[in-house]
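Chemist: The sequence and its predicted three-dimensional model are supplied below.
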Amino acid sequence: MNEIDELKRLLLGQELESVKKLEDRVADPGLRAQDVAEILPDSIALGVEKNPRLIRALEQPVSECLKQSIRKDTKMFADALFPVMGPAIRKAIAEALKSFSDAINQAMDLTFSAKGLRWRWESIRTGVPFSQVVLKHTLLYRVDQAFLIHRETGLLIDHAAQPDVAHSDNDAVSGMFTAIQDFVRDSFSTGANSDLDSVDIGEQTVWLIHGPYAMLACVISGVAPRELRQRFKEVLEHLHQLYGRQLEEFDGDARELTGVEHSLDECLTLQLKHDAADGASRKKPFPVLWVILGVIGLLLIAWWLFDYLEMRRFNNLRAEIDDAPGIVLVRADKRGGEYVVKGLRDPLALDPKQLAAAHGFEAEEIMFDMAPYQSVDTAIILERARRLLSVPDTVNLSLDDTVLKLSGSAPLEWISKYANTVLAIAGIDAINLDDVQPDSSNLDDVQPDSSARNEQLLKQLAAPGTIKVVITGNNVELEGLASLEWIHAASASLKAANWVQGVDAKKLKLAEADAIYELAQRIGNVKIYFSNGSIMQEDANQTLRDVAEDIKTLSEIARKTNLNLKIKLIGHADSVGNSILNTRLREQRASAVLTSLLSQHLDADLFTLVVGDEVQQVQQINPQWRRVDFEVNVGRPNIQALFAK
Amino acid sequence: MSAVLSKKVCLIGDFAVGKTSLVARFIHNVFSDKYLTTLGVKIDTKTVEPETGVSLKMIIWDIAGADRLSTADRNYLRGADAYLLVVDGTRRDTLIAALDLKQAVDRMLGDIPFVLLVNKSDLQSDWEITTQDIDLLKDRNWAVLTSSAMQGDNVELAFTLLAEELTKP
């Protein structure tokens, strides 16, 4: 520690320590910040109260802070403003609606009222636009223009005017305001500080509001309330607050005073007459408005009613279509102003278009989109069966599960046609005709059908060219040469054709007749020779076997053709010997042949044993007489009998 | 381009020196001349674009002629940025009055730009003011111009000179 320091310590002692503490405190930014933080709120509060410059000084940084903060976190501000914005927007909308409503009311009022017509006439007469005439009559007051004038020089600082105010040299006007002001004060005033407050010019008034550095001159049409003056004063005071220095030092350069125009725009206000009137005397909207609203209301009701009725009509139609057998409704509604009906429809079901027409719908009003399908609704099944089976009207149809039951009377041929038919009809497995009675009286009625019937029969008969078939009414006549096979088939066909009452086959010749006679002849020519007694010659067995075959063939044909085949076996003997013995020998020989034939599995009924005549000649041995002859009797084939029913 | 800068310019001078006639042909007339007789002042405007490049709107206060400043005149002069001092070349007493007026203006507004116009140059044969008089004024660094309201001589120039003075950076 040097001398000076020592001296200081001795001289200052305690104080030096305090100074040291203070120095440390000042040197420490943390402590300083703490100190300032403690006094800052009070300091600001005091500054705002006592020193207007503080507000101006804070204005810029605070504004910048806000801007930056909003840019950084928009959402936070949106959240903060949310509770305020809702009511504000609602109020703005309410105000806008009110103005709109007032504007409509006024327009209606003016358009249709006598007053409106009178004003229109005034507009035509004076050449003043109608809108201005309306304004003149409806306006309680309006601030047409506002001048902010530099008090000392009379220079115009800024100017605002309603859009329809005629343009003039505002700088000159501003100067003249000042000049007039000076002139009046000089000419009539006693005090130096007394200023001109207002100037009346016809329907207009100029209000002059005086500030320390600037004057606000507002040109007003109509009669403005005193409160408006107070408002102007506030505007001017605000301007002085914001731009005090610039106003004081104004040298004709308005660039330093940007923003003034907003304050002047605030001065431009207007009040319509009916706004000023109180609620009781306020005019009600003109009845025409109510009439128009009423008409619109009635039209809406009529439209709604029409829509409702049409919808009900459509719903009824929908229910009816839905109930109709053979129709499955998928959807039925109105889309895009058009009715659409979509679903499945059996071709036998009711046509929904006809139903729609019955409900009064035009064809183009409803779009039908019906896909075909086969319905198993009872009504549709019965209708289908009726059509496919050509059921006569006299027959009633009913369905028992899947069995089609028919009752009533029908032509026999119809009954027999379907008696054993297996039906291939959806929904029917079997047919029951037990309750259908043949209706004979209807026989003649089938005449119209005969050609088809005859056609079918001819087709079934398939008669070869050798046969002629003539159908007369219910009778059939057959003529020509027919094979046994065809005859049998034809017989069956004719029997099956119930309507055929008689068949005439008398002129029908059997094609196999020649073969029959040839066989018969061959059999008849056979002779079985005996060597002695009843012993046949050696070759007889072979002959018998052959003849047995022929007899078999013939007997078969005979059976089929109803031929009465009879074969006589005639035994012979020569004249040698006793007549009785010979007779006996004849019997024995015939019997031997029969026995042999029967052994060939021939029917015994075919044969008759016959003893041949005695030879009336000289007794002699003649082997030619030791024999058995065959006599064949086939008669005529009974073809007619084959067609008997 | 419309002028953003406006300046108050006064026209002063004795009665009937031709102030109103001087500006009548060059200035946009807003108000009738009868204002002069009623109010003692008529205000017109003129926008000039001097070589300094700044467009200037001059608010011209045409103050009713007098050989000395009345109270009203003083009020009208208040805040003027420049003035035109007009004398009638044919009347020497108007120059004397002008000098008095200038002295009064100087006292009131200080040293502000002005131009002295010796008017009625179309009647130069009848002039009482001599070129020696004018030279004498010019010697004092005054801006002096001879002018004719009738022929329009130098009127425009006078305003332009003032505008240049007023828009000097």
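Modeler: Okay, I see it. Numbering: from 1, shown residues only, chains lettered A, B, ... in the order given.
Chemist: what about the helices in chain B?
Modeler: Counting by DSSP state H, the segments of chain B that form helices are B:19-24, B:34-38, B:71-77, B:92-109, B:131-139, B:155-166.
Chemist: For chain A, find the nearest of the ones you listed.
Modeler: With C-beta to the nearest C-beta, the closest approach to chain A among the helices of chain B belongs to helix B:71-77: 3.8 Å. For glycine as for every other residue, the C-beta is placed from the backbone atoms N, C-alpha and C.
Chemist: Spell out which residues of chain B are next to chain A.
Modeler: For chain B, the residues in contact with chain A (C-beta under 8 Å from any C-beta of the partner chain) are B:4-8, B:28, B:30-31, B:35, B:39-41, B:43-45, B:57, B:59, B:61, B:71-72, B:75-76, B:78-81.
Chemist: For stretch A:489-498, C-alpha coordinates in PDB please.
Modeler: Presented in PDB, the C-alpha positions along stretch A:489-498 are these (Å, rounded to 0.1, in the frame of the first residue of the first chain):
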ATOM      1  CA  ALA A 489     -97.300 -97.700 -85.300                       C
ATOM      2  CA  ALA A 490    -100.200 -95.900 -87.000                       C
ATOM      3  CA  SER A 491    -102.700 -97.800 -84.900                       C
ATOM      4  CA  ALA A 492    -100.900 -96.600 -81.800                       C
ATOM      5  CA  SER A 493    -100.800 -93.000 -83.000                       C
ATOM      6  CA  LEU A 494    -104.400 -93.000 -83.900                       C
ATOM      7  CA  LYS A 495    -105.300 -94.500 -80.600                       C
ATOM      8  CA  ALA A 496    -103.300 -91.800 -78.900                       C
ATOM      9  CA  ALA A 497    -105.000 -89.100 -80.800                       C
ATOM     10  CA  ASN A 498    -108.100 -88.800 -78.600                       C
END
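Chemist: so how many other residues sit close to residue 20?
Modeler: Going with chain A. 10 (other C-beta atoms under 10 Å in any protein chain shown).
Chemist: wrong one, I was asking about chain B
Modeler: 19.
Chemist: Could I get the pLDDT score of the nearest residue to it once chain neighbours are set aside?
Modeler: With C-beta to C-beta, 6 or more residues apart in numbering or on different chains as the criterion, B:Thr20 has its nearest non-adjacent residue at 5.7 Å, and that residue is B:Asp62. Per-residue pLDDT puts B:Asp62 at 89.
Chemist: For B:Asp62, list the residues it contacts.
Modeler: Neighbouring residues of B:Asp62 by C-beta atoms under 8 Å, 6 or more residues apart in numbering or on different chains: B:Leu11, B:Lys19, B:Thr20, B:Val23, B:Leu36, B:Val41, B:Lys42, B:Ile43, B:Asp44.
Chemist: confidence score at residue 36?
Modeler: With no chain named, the answer covers chain A. If you check A:Val36, the pLDDT there is 88.
Chemist: wait, chain B
Modeler: pLDDT, B:Leu36: 68.
Chemist: quick revisit: any idea how far A:Ser174 is from the residue nearest to B:Thr20?
Modeler: Per C-beta to C-beta, to the nearest Å, B:Asp62 is found 15 Å from A:Ser174.
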